[in-house]
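sharing a model that was predicted from the sequence below.
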There are 2 protein chains.
Amino acid sequence: MAKVADKYLKVDPWAIIEEGFDTERNRVSESIFSLGNEYMGVRGYAEEGYSGDSLIGSYFNGLNEQLDIGNHYKGIIRSLRYMVNSVDWLHTRIAVDGEQLDLAKSKISDYVRKLDFRTGTYRREFVWHLENGKSLKLVFTRLVSMTMSHLGLQQVAFEPLNFSGSVDIIAGLDFNIIHEERGVSMWNPVRSGEQDGISAILASTINTGNKLFSSFTLKASQPIETARVEREKFIGQSFSLELTQGETAHFTKFAINCADSTSARSAEELWSEGLGLAVASLSLEEQAVLAEQEAYWNGIWETSDISIEGDPENQQGIRFCIFQLYQTYHGDHPGFNIGAKGLTGEVYRGLAFWDTESYCLPFYMFNNPKAAKSLLEFRYRTLPEAMQRAKDVDCEGACYPIATIDGTESCDLWQHSNLQLHVGTAVSFGIWHYVKNTGDKEFLFSKGVEMLIQISRFYATRGQWGQRTGEYGYFGVMGPDEFQLMVNNNCYINLMAKKSFEFALEAIQEMKEKAPSEFAELSAKVELREEELGDWSNKAEKMKIPVDKETGVYEEHDGFFDMPHIDIHSIPVTEFPLYSNWSYDRLYRYDMIKQPDVLMFMFLYSEQFTKEEKLANYEYYESRCIHESSLSPSIHSILASEIGKHEEAYNFFEFATRLDLDNYNRNTREGLHTTSIAAAWMNIVYGFGGMRSDGERLSFQPSLPERWTSYSFQVMYEGVLLKIVVNKDNVSLKAISGGSTEIIVYGQRIKVDASGTVLPLGEGMIAG
Amino acid sequence: MAKVADKYLKVDPWAIIEEGFDTERNRVSESIFSLGNEYMGVRGYAEEGYSGDSLIGSYFNGLNEQLDIGNHYKGIIRSLRYMVNSVDWLHTRIAVDGEQLDLAKSKISDYVRKLDFRTGTYRREFVWHLENGKSLKLVFTRLVSMTMSHLGLQQVAFEPLNFSGSVDIIAGLDFNIIHEERGVSMWNPVRSGEQDGISAILASTINTGNKLFSSFTLKASQPIETARVEREKFIGQSFSLELTQGETAHFTKFAINCADSTSARSAEELWSEGLGLAVASLSLEEQAVLAEQEAYWNGIWETSDISIEGDPENQQGIRFCIFQLYQTYHGDHPGFNIGAKGLTGEVYRGLAFWDTESYCLPFYMFNNPKAAKSLLEFRYRTLPEAMQRAKDVDCEGACYPIATIDGTESCDLWQHSNLQLHVGTAVSFGIWHYVKNTGDKEFLFSKGVEMLIQISRFYATRGQWGQRTGEYGYFGVMGPDEFQLMVNNNCYINLMAKKSFEFALEAIQEMKEKAPSEFAELSAKVELREEELGDWSNKAEKMKIPVDKETGVYEEHDGFFDMPHIDIHSIPVTEFPLYSNWSYDRLYRYDMIKQPDVLMFMFLYSEQFTKEEKLANYEYYESRCIHESSLSPSIHSILASEIGKHEEAYNFFEFATRLDLDNYNRNTREGLHTTSIAAAWMNIVYGFGGMRSDGERLSFQPSLPERWTSYSFQVMYEGVLLKIVVNKDNVSLKAISGGSTEIIVYGQRIKVDASGTVLPLGEGMIAG
C-alpha cells in the first residue's frame, strides 16, 4: 500500500490538538474538528469568516435536495437525493477599530485548537495582532448537544492584551451557504423574524421542499444593545462588547435548529415548533449545558472506551474514531443512517452504503444495541422505496439501493447502482448478525422477516441459471471489489445470496412455530406463496460457489483466474490513486482487486471456513489487493491476525485509527472517512481481540501487538457489558454490568460474571 | 423480429410520392423527403412555417458544436462534438389577405409531394382554401445541387384558382433554429448585410466557433419590390406577387451556403468567400441548374442502378437507398464522413461509426472508388486525434473513436467509447478490402501503412495475456453485439485484431520490397522498431479464438455458452424495443444478441470459413438474435443465402430496402437510417448476387428470389464496370466499360468483357 502518514496534530490520549494555523491544512482540519450529534453536524470552519480555502459545511441528517440526471434508459435512475449544505448557524463577524478578523489575512499568534473527547467541546484560541498594534486574545468554544439534539452552543471570549476598547460583532444565521458540488445555495428563503430576543429564519430546499428552521438567542458577560441585520437568506444581530485590558468579556449564542427532511410539515408548523424549542432554550444556562455534555460523554467512555497502553498515537486514534462514530450516529432518532462521510463533508453526498450493515453495525451492536436496531429499522422504513426500485429494475421484492439518503437509489453511476447487488445481502446479514447477538426476536418477527421475504424475492428474480452448468447465480454484477466491474457469478454475491435465502427460510420457519398468528398476518400482507419457499431453497442449494479444488481458492467470479496478471508492487507510487491516474476502463482488466471480496465473506461468515481455507485465500487475494478502498486494510488485518500473520496484521492496522488524523489518503479535506472509522474499531476488537460474532456464542482469540503494553475494550453481549483486558501475560474478562454470560475464549467455553476471569495470553499471541 | 411495415407512400420505380398530408406522419415524411449533396442536407420540412410537430433540420457535413460533459474519470471523454442544426435557408412565409399559410391550420386539398430520383428534385403541391373562399394552388420545388455544393435552389409557384389578387411573401435565412437535443439555437450572429441584391448572414457556433455563411438572391416571374426584414440571427426580404386567376406566378431563391467546420478561416475571410460564391451565382439560370442536376443523376443511375423486375416495392426501395447514399456522400469533399443518420436528423448527433467501413465502404468501393478512398482518407486525416485518444486510454498508437464527427471521440457512454474497440479493426479491414479490390497500392503505401502501424500499436497495447490460458486477447470489451456489455475475449475483436496485425505485417513487408525509400521515411517518421513487428506477429499467433470443437460454434466471448438462455420468441412484442422496456442491466444477462458478432466476421472474412462452419454458427446465433440494430437483418440475409436458406434470406431482406419508407422501426421521424441503407445494397449484391470480395478474385453465387422476374446490378472492379443480370434461367455478365476482368462465378473463374457472358442460373438458386 502506497499510504504515508502526514503527521501534524499533537498526540494526546483524550483530545485532538492543533498548534499553529496552517492555511494549507485548513480544510483537513475543518474535517477533523467536525462536531456532530447525529441530528446535525458542522465542520470545524472558522465561524468569523475566512477568505481562504474553506468549506463552510453544516449538515442535517436526512435533509436532502434532489438533482435530476439526464438518462433515457429504463432502470437507470433519473434523479438522486443528496445531503444539502445548510445554514451556517455559527456565522460571526468580528471587527476592532474597523479591522475585520480573517485568518487568511490577519496577523495572529499562539493559535491552539482542541477537540476534547471527554467534554465533547471544541475550543480554539489565538492572539490577534491588529494593524494598529493592538493585541486581542480570542477564545472560541462550540458544541452541539448530545442530549438536546436541536441545540448548538457557541461562545466567543475576548481578552485585550494591550488596550481597552470595544469589539464589533455580528452574530447571525446564514442560508447563503454554497453547496460546493452544485456551486449555488440550494435554499429558498421562506420566513424570518425576531421576537422575545429570538432571531429566527426558515428556508426550504428548492426541489424537495425540505425545510429548516434556525434561530438564536444571545447572552453576554455584559449588557449589550443589539441591532437587527437582515438581508436575503440571513438574519443576525450586531452589537459591541466593551473590553478592558487584561479582562475577559464574552458572548454566547444558543442556536436552535429544527429540520424537516420529509417535507411533512408546513412552514407554519415548523416555524411554531422551532420557535417553541427556541423559547424553551431561553432558560438554558451555558455551564449546565457544558456539564450535561460532559456527563453524556463520560457515560459513553464508561461503556465504549478502548484503552491502549504503550501506543499514544493509536490510543488517540481509536478514541477519535469512537468519538466521531457517536457524534455521527447513536440511534436517538429513527430514520437516520450513516453517510460515508457522516456529517462532515459533501463528498459521497451524505449517502449511506452497505458500509452501514457491514462495517458500522457491529460497533453499535456491541456498544449500543438500540442504535444497531435503529439502523436496521431504517431499512424497514425504506422497504417501500426498495420495492419500487426492484420493480424499476424488472425484479420482484426489495432491491436495497447502493447509495441512499432517504431510501431511494441515489448513485448516479449505473455500473454501481444497477450492478452492485450486495446491499440486500448486507441487510439480511445485518438482521441475522443483530438477532444472533442480541436475541431480539421481537424485531425479527415484527420487521426482520418481512424484509427477508422481500429481499429473497429480489435475489430469486435477479438471479439466473447458467446454461451449461445448470447452477444458479448472478450475471452482470459488480461485487464489493469495485475493480471487477461487470462480471458473472461474483462469489461474494452468490454466497451471500445463498446465506440470505437460507436465513430467510429459517426465520420463516421459526416465526411459523413461535409466532404463528403474526406470521399468518405477515404472510397475507406480503402474499407469500408456499412455492416461493421451495424456489428459494432450490436456488440456495444450486447456487454456484466456484472454488479451485486443488488450492482451495474461491474464484472471485467466472474467469477471474484467467484475468491478466499484474504485479501490484510494480505499479509506481505516483500512479496512485489509480482512479485518478489510469484510464477508467484499464482499472478493470487485471487480477488486481480494490478491496476484499472473497476475503470479505470469509470474515463475515468466519465459522464457515477453516483456517487453512482462510490462509490460502488470504495469500492469493491479499497479494492482488491494492486497498484503494479505505475499508480494505482493516479486514485484511483482522484475517491476518486470525491466520497468525501478526506482523502483517499490525502493518495493515497501522493507519486504521489515524486514517484521517494523519490524512493517509490525502482526501480528509473532503470530510472524514466515517464508515472506515468503524473498521478501525473492528480492527482492534475483531483483529487483535480476535472476536467472532457469527458462531454459536461470541468468541475471542486475543493477541497483543508487540509494541503495546496492554489494551482493553468492552462489548455488550446479550445485555451483558463485558470488559476484556489483554496484556503481555493475561487476558482478563469481566462482566461490568448485566449479570453473566458464556463466551468462547481460545476455543474454550467460559462463563464470565462480575467477579471476572483471567486466562493466560495464548501461545505466540504477542507479535507485530 | 417484431417489425411491421407501415405502408403509406405510393409505389413508383423512380420516385417517392406522398398523396395527402398527414400531420401524424409529418416528421417521418420530413426524414424521407430529405435532400442532400454531401456538403449539406435539409429535411423535407414545410418551408412556409408549420406550427405543428416538425423538425426544421438543416445540416452541414462536419459543422459541429461542442458539449461539455461532467466526468472526473480519466479516459472517459469530457466533451463531445455533434452536428449542429444550422441555418433554415428555405425560410419562407406566405400570406394572402392577411391569412398566413400553415399546414397545421390552413385548409388544403390535392396535396402531392414527390421526391424524384432521376431529376434529384423535391416538389410539393397543394391547393390552399382560404377562409375568405379564395383557392390558391402552390407548387414548391427545391433541390440541393450535386454539382455546385454550396447551392440550394427553391422555387414557389402560385396559381390562383378563383381570384386575382396578391400574395405576400417573406423569403429569408434564419439562424434561430433550435437544436432540438439542446433545446436552444447554438449560433451566435456575427454579421449580416445586403449588397447587389444578395442578402447574407454569417453566424458562428457558441463553443467551437464553427462558422456558416448563408446568402440568397431572388428571381421572380414578374418584377418585384423587396424590403429588407432584419431581426436577430435573421435576414430576409419581403415582397408581393400579383396573381391573375388561372395564371402561374413564381419566385426562385438561389441560396449559397458556405461552411467552415475547422474554424480555420476568420469571419471576414468566410464572408468574402461566401459573397464571392453568391456573386457568381447571380448568373445562374434555374432551368440550367435543374438540367445539370438531372444530368448528374442520370450519370449515377447509369453506373449504380439496381433494377428489380417483378417487385415494384423493392425496386422503389433500393433506388431510394442508392439515391440517399449518393445524397449523403459521394466523395467530392475531403474530410467528410457518413453520420449514422446522414444529414437527415439530430439523432446519433451526426456521428460516424464503424458502419462507415463495415457497411458503407463496399457500396462506394464498387460504385465510386474515389469516394471509398476519400472515406479512408478521413481516417488518415484524423490519425492525430486517434493517437491522442490512444494516449488518453493509456495505450499506444491510434485508437479510432466509436463515434465521431471530427476525429475526436464523441460518444458519451463510456461503456461504448471505452470498450468498443472495433473501429480500428474496421479501418484496417477497410484498407485491406479497398486495396484488394481496387489495387490502389499508392494509397496503401502513402497512407494505409502508416494507419496500420498505429492501429497495430493500439491493439498490441490494449490487449493482455490470459493468466491461465497464456493466450492473447482483449479484456473488458464490448463487441459489435451491444447486448454483451463488458466481456473478455470477444471473438470478433480478437479475430479482427489478429487479422489486423497480419495485414499490417504483410503490408509493411510489401512496402519494404516495393517502396523501400518511402518505407524508410515512414519508418523514421513513426519510429517503428523491428521488435514491434515480432511482437505483433506473436500476438496474432497467440490470439485466443474460442471455438467449440464439437459443434464448430465460435464462442462470442469467454463464458458466452454458459450465459442464461432466453427463448427470444417468448418475449412479448410489446416489450420491443428492449432498450425502452427492459431495465438497462437486464439487456446484458442472456445469450440473446442484438446483432451479428461471430456472424459478422464470417461475413467479412467469408473465405476463411467453410459453409458448414457458417451453417453451424448461423443456426446457433441467428436463433439468439433479436436484430435490435437495423444493421443486423441484412448480414443474416446474406449468410442465409450463402448457406442455402433462401426463404429466410428473403424474409430478412424484406424490410432492408424499405426500412425507412415503411418506417419499420417506428423511428424514421428522427432521420433516415443512412448506414443501414448501405446494408440494403449489400443485401442484394452480396446476398442474392452472392458477391464476395475478400478472396483472390471477386466472386458471385447468384440466386433469384422467387417472386422476382429478374434483377440486375453493377459493380466497378479494378476499373472495370461489370453489369450482372440475373433472371430465372441465366446469369448474364458484361463489362460495360473499362475493358475486361476475371471473376469467379459459381466457383468457376471466367473472363468478362464487353461482349458479355451468359451462364445458367445455379441449381436450386430460385427460392424465397
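Nice, thanks for sending it over.

quick check: closest non-adjacent residue to whatever residue of the stretch 1-150 of chain A ends up closest to chain B.
Chain B sits closest to A:Gly75 of the stretch 1-150 of chain A, with a gap of 2.8 Å, by CB to the nearest CB. Where you see a C-beta, it was placed from the backbone N, CA and C, and this is true even at glycine. In space, A:Gly75 comes closest to B:Ser583 once its chain neighbours are excluded; the distance is 2.8 Å by CB to CB, 6 or more residues apart in numbering or on different chains.

what is the burial count for the one you found?
B:Ser583: 20 surrounding residues under other CB atoms under 10 Å in any protein chain shown.

look up phi and psi at it.
When read as degrees, to the nearest 10, the backbone of B:Ser583 gives phi -60, psi 140.

check A:Asn37 too.
The phi/psi pair for A:Asn37 (degrees, to the nearest 10) is phi -140, psi 30.

now do the contacts for it.
A:Val144, A:Ser145, A:Met146, A:Ser149, A:Gln327 (CB atoms under 8 Å, 6 or more residues apart in numbering or on different chains).

next one: it from B:Ala295, what distance?
Going from A:Asn37 to B:Ala295 by CB to CB, to the nearest Å gives 85 Å.

kindly report the same for A:Leu270.
Distance from A:Leu270 to B:Ala295, by CB to CB: 79 Å.

so the two - more neighbours on which side?
Shown here are A:Leu270 and B:Ala295; by other CB under 10 Å, A:Leu270 has more neighbours (22 against 13).

name the residue of the stretch 551-700 of chain A that lies nearest to chain B.
A:Ser583 (2.8 Å).

what does the stretch 151-300 of chain A give?
For the stretch 151-300 of chain A, CB to the nearest CB, closest residue to chain B: A:Glu181, 10.2 Å.

can you report how many residues lie near that residue?
A:Glu181 has 12 nearby residues by other CB under 10 Å.

now swap in A:Gly209 and tell me
When neighbours are defined as other CB under 10 Å, A:Gly209 has 15 of them.

I'd guess it is in a strand, am I close?
No: counting by DSSP: H, G, I helix; E, B strand; the rest coil, A:Gly209 falls outside a strand, being coil.

just to revisit the earlier point, could you report the pLDDT at the residue of the stretch 1-150 of chain A closest to chain B?
Here the pLDDT value assigned to A:Gly75 is 96.

contact residues of the stretch 51-200 of chain A facing chain B?
A:Tyr73, A:Lys74, A:Gly75, A:Ile76 (CB under 8 Å from any CB of the partner chain).

ok, so of those residues, who is nearest A:Thr23?
Using CB to CB, A:Ile76 comes nearest to A:Thr23 of these, at 41.7 Å.

re earlier: how much space separates the residue nearest to A:Gly75 from B:Leu659?
27 Å.

for the stretch 651-768 of chain A, which spans come out with low pLDDT?
A:768 (pLDDT under 70).

average pLDDT for the top strand by length along chain A?
Ranked by residue count under DSSP state E, the longest strand found in chain A is strand A:249-260. In this model, strand A:249-260 carries a mean pLDDT of 98.

so where do the strands sit in the stretch 651-768 of chain A?
A:699-700, A:704-705, A:710-717, A:720-727, A:730-737, A:741-745, A:748-752, A:757-760, A:766-767 (DSSP state E, counting those that start in this stretch).

need those strands in a markdown table with distance to chain B and mean neighbour count, can you?
A markdown table is the format used below for the strands of the stretch 651-768 of chain A (distance: least, CB to the nearest CB, whole Å; neighbours: other CB atoms under 10 Å in any protein chain shown):
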| stretch | distance to chain B | mean neighbour count |
| --- | --- | --- |
| strand A:699-700 | 37 | 22 |
| strand A:704-705 | 36 | 24 |
| strand A:710-717 | 39 | 22 |
| strand A:720-727 | 42 | 21 |
| strand A:730-737 | 44 | 18 |
| strand A:741-745 | 40 | 18 |
| strand A:748-752 | 43 | 14 |
| strand A:757-760 | 46 | 13 |
| strand A:766-767 | 33 | 16 |
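
could you list the low-pLDDT ranges of chain A?
Along chain A, segments meeting pLDDT under 70 span A:1-2, A:768.

and whichever residue of the stretch 401-550 of chain A sits closest to chain B, how many residues sit next to it?
In the stretch 401-550 of chain A, no residue comes nearer to chain B than A:Gln464, which is 3.6 Å away by CB to the nearest CB. Using other CB under 10 Å, A:Gln464 has 19 neighbouring residues.

for it, give the beta-bridge partners.
In this entry, A:Gln464 is beta-bridged to A:Gly473, by DSSP bridges.

thank you, goodbye.
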